[in-house]
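*Asks:* give me a 3D structure for the following:
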Amino acid sequence: MEEPINGARLCPSCANTIEETAVKCPYCRAEFAADSAPQWLNRNTPLSERPTDLKRTKNSRIPARFVWPAATLLLVLAAFYAGAYMEHRHGVLTAEAYTKQLQTKDQMMQSQETQMSRLRQELRDNTNQLADLKAKLEASQQAVAGTQQRLAAANREVERRNTTRSSAATRVESRAPASSGPSSAPLPSTRPAAPGVYETVRETPVYDTPSSQAHVISQIRGGTRINVVSSGGNWLEVRSKHGNPPGYVRSDDARLVSKVN
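*Replies:* Numbering: from 1, shown residues only. The predicted structure is shown next:
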């Protein structure tokens, strides 16, 4: 530390040598009064009388020329760290939002996959039910076809037996000897029906051929008069006077009203 000389003194702020009458330090630009010289320690002062805190004997203020650069530097550093923090925070929030979006999409995809699985299962169940119904329908159709075939065979058998009986009765009648005794009984006659006008005794169908398996042309109500032109076996051939197509009816469904003259 420099000792003051004659006509000069030490600056109370920076301890540089200045003029004794100076009111402003040319070094640190500190302003002070003429009697503001600090009480510097004397080498001969005993240690017990010296102050324990040497910082009290010296002005520790920062020179004004360093204040603004330091403040500017602090502001720049604060802005830099604030910007870095905000950027980091924005990145964290963006990552969290992206993660939430991915989770939402995953949940939606899982829900859609569950619905698709349920729809596929329902489709398989419906397909199986449709296959079962189709199999049952085919079985029913086969059963109906078998029943129809058996019914047709039964009708043909009945018709064959009726024809055989009619032919046998006709042959027996033609071969039977004439009986003159009083105890002989007449045999039943199965001669063909004579042409003429007949009347239906019940509602009867008209077939296009003399067979019960033939196509039905029309249906005649009971009590209707029909014109019979010929007969064969158990069938009567009828002709309509109103332009209807000819057909055949069973002989037991009509009775003779009048013969043709």
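*Asks:* and the next helix or strand past the helix or strand harbouring Leu119?
*Replies:* Assigned by DSSP states H and E, Leu119 belongs to helix 64-175. For helix 64-175, the succeeding helix or strand toward the C-terminus, using DSSP H and E, is strand 196-200.
*Asks:* report the distance from the helix-or-strand element of the chain with minimal mean pLDDT to the chain centre.
*Replies:* Sorting the helices and strands of the chain by mean pLDDT, DSSP states H and E puts strand 8-10 at the bottom, at a mean of 80. With Cα atoms, centre = their mean, to the nearest Å as the basis, strand 8-10 stands 100 Å off its chain's centre.
*Asks:* against which helices or strands is that strand packed?
*Replies:* Packing partners of strand 8-10 (3 or more Cβ pairs under 8 Å, 6 or more residues apart in numbering; DSSP states H and E): strand 17-19. (Each C-beta comes from the backbone N, C-alpha and C, glycine too.)
*Asks:* pLDDT on stretch 29-43, on average?
*Replies:* Stretch 29-43 shows a mean pLDDT of 60 in the predicted model.
*Asks:* to clarify, my last question referred to stretch 142-152.
*Replies:* Taken as a whole, stretch 142-152 has a mean pLDDT of 86.
*Asks:* give me the contacts around that stretch.
*Replies:* Stretch 142-152 is contacted from outside by Gln213, using Cβ atoms under 8 Å, 6 or more residues apart in numbering.
*Asks:* gap between that stretch and the chain center?
*Replies:* 43 Å.
*Asks:* what's the answer for stretch 206-221, then?
*Replies:* With Cα atoms, centre = their mean, you get 55 Å for stretch 206-221.
*Asks:* in that stretch, what's buried?
*Replies:* Buried residues in stretch 206-221, counted by 16 or more other Cβ atoms under 10 Å: 206-207, 210, 212, 217, 220.
*Asks:* and which of the residues you listed is nearest Thr114?
*Replies:* Comparing these against Thr114 with Cβ to Cβ places Ser212 closest, at 63.3 Å.
*Asks:* list the contacts of that closest one.
*Replies:* 155, 158-159.
*Asks:* recalculate using a threshold of 6 Å.
*Replies:* Asn155 (Cβ atoms under 6 Å, 6 or more residues apart in numbering).
*Asks:* could I get the phi/psi values of it?
*Replies:* When read as degrees, to the nearest 10, the backbone of Ser212 gives phi -70, psi -10.
*Asks:* and if you look at the one 3 residues further on?
*Replies:* Here is the backbone geometry of His215 (degrees, to the nearest 10): phi -70, psi 140.
*Asks:* tell me the confidence at the closest residue to it other than its chain neighbours?
*Replies:* Distance criterion Cβ to Cβ, 6 or more residues apart in numbering; nearest residue to His215, sequence neighbours excluded, is Asp208 at 4.9 Å. Listed pLDDT for Asp208 reads 90.
*Asks:* again with Glu237
*Replies:* At Glu237, pLDDT is 91.
*Asks:* what sits opposite it in the beta ladder?
*Replies:* Ser230, Tyr248 (DSSP bridges).
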